[in-house]
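Chemist: following is a predicted model, sequence given first.
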Amino acid sequence: TKQSIISQLAQLRVLPILVTDDVGQAIRCVTTLAEHGLPAVEITLRTPNAMNVLREVVKACPTVTVGAGTILTPAQLDAVKETGAAFGISPGITPVLAKAAAESGLPYFPGVGGASDLMLALEHGFDVVKLFPSDIVGGIKMAKALGGPFPDVRFCLTGGVTVESMPQLLQQSNVLCVGGSWMCPAGLIAANDWAAIGALAAQAAAAAK
Ligand code: 3PG
């Protein structure tokens, strides 16, 4: 359920973001993240084979909460749901996509960059949102400022987050979690360096405590 996913994110406090087009490498990467304390992941739809990657990771890693990121259209949302993914995330929000997401029943987190986006999200019932790109739009300063008019909203800060910056970001009371791709760098995936990825995951999990 959406509530159980939010609870898990509140507990983990860091959501790794994976960009890869290779099923085998995706499964190895997600397994490694889970083994090192991060059993939830966002797989982006930024590569041609991403929907297939998502489907296979969902099948191969049943104990991991596998979500889809970079959902831009209602058609992608439908395809994501069909893969069995646990949740969906977008970098932004549109009226068309928000309506489709609210009707789909898929646990969904739209992206916002400011107050107007957030008002649109709330019109469709979404009060847990991704703040993106967090480092550009103001990070915790923005989260804190939006907390005035929107005290019940919680944010996942994503974009430019690092293992160094995350402990401070997580101290802001309306920050649910942070997300980032730094635990799964393309170079380490290409090199099949799962030990190094495991170390980055363990370091991020520790920084979240
Ligand atoms: C995203 O999809 O949210 C971003 O790629 C994450 O940003 P990062 O790569 O700066 O962590």
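Modeler: That came in fine, so what should we check first? The shown structure was predicted, so the numbers you read here are calculated from the model rather than taken from an experiment. Residues are numbered from 1 along each chain as shown.

Chemist: so what's Leu160 up against?
Modeler: No, residue 160 isn't Leu; it's Gly. 133-136, 180 (Cβ atoms under 8 Å, 6 or more residues apart in numbering). C-beta here means a position set from N, CA and C on the backbone, and glycine is covered the same way.

Chemist: tell me which element the closest residue to Leu38 other than its chain neighbours is part of?
Modeler: Take Leu38 and drop its neighbours on the chain: the residue closest to it by Cβ to Cβ, 6 or more residues apart in numbering is Ala201, 4.9 Å away. Secondary structure from DSSP states H and E places Ala201 in helix 194-207.

Chemist: what of Ala101?
Modeler: Short version, using DSSP H and E: Ala101 is in helix 95-104.

Chemist: after that helix comes which helix or strand?
Modeler: Assigned by DSSP H and E, the successor of helix 95-104 is strand 108-109.

Chemist: need the next SSE after that next one, C-terminal direction.
Modeler: Next element after strand 108-109 (DSSP H and E): strand 111-112.

Chemist: tell me the strands beside that following strand, with direction?
Modeler: Note on strand 111-112: by DSSP bridges, its sheet partners are strand 128-131 (parallel).

Chemist: list the buried residues of the following helix or strand past the partner strand.
Modeler: Downstream of strand 128-131, the next assigned helix or strand under DSSP H and E is helix 134-137. Using 16 or more other Cβ atoms under 10 Å as the test for burial, helix 134-137 gives 134-135, 137.

Chemist: neighbours of Leu54, just the number please.
Modeler: Leu54 is flanked by 26 other residues according to other Cβ atoms under 10 Å.

Chemist: ok, the residue nearest to Leu38 touching Pro16?
Modeler: Yes: applying Cβ atoms under 8 Å, one finds Ala201 in contact with Pro16, separated by 6.8 Å.

Chemist: and these two? Which one has more around it.
Modeler: Neighbour tally, Ala201 and Pro16, criterion other Cβ under 10 Å: the higher count belongs to Pro16, 27 against 24.

Chemist: so the more buried one sits in a strand?
Modeler: Yes: looking at Pro16 with DSSP: H, G, I helix; E, B strand; the rest coil, it is inside a strand.

Chemist: can you count the residues close to the closest residue to it other than its chain neighbours?
Modeler: Leaving aside its sequence neighbours, Pro16 sits nearest to Met183 (Cβ to Cβ, 6+ apart; 4.4 Å). Other residues near Met183 come to 27 when the count uses other Cβ under 10 Å.

Chemist: is it true that Met183 lies in a helix?
Modeler: No: according to three-state DSSP, Met183 belongs to no helix; its state is coil.

Chemist: surely it meets Ala34?
Modeler: No: at 11.8 Å, Met183 and Ala34 do not qualify as touching, with contact defined as Cβ under 8 Å.

Chemist: show me where this structure has its helices.
Modeler: Assigned by DSSP state H, the chain shows helices spanning 2-12, 23-35, 50-60, 74-83, 95-104, 115-123, 134-137, 139-146, 166-169, 186-190, 194-207.

Chemist: per-residue confidence for the residue minimising distance to the centre of the chain?
Modeler: With distances taken as Cα atoms, centre = their mean, the chain has Glu42 as the residue nearest its mean C-alpha position (4.7 Å). Predicted confidence (pLDDT) at Glu42: the value is 98.
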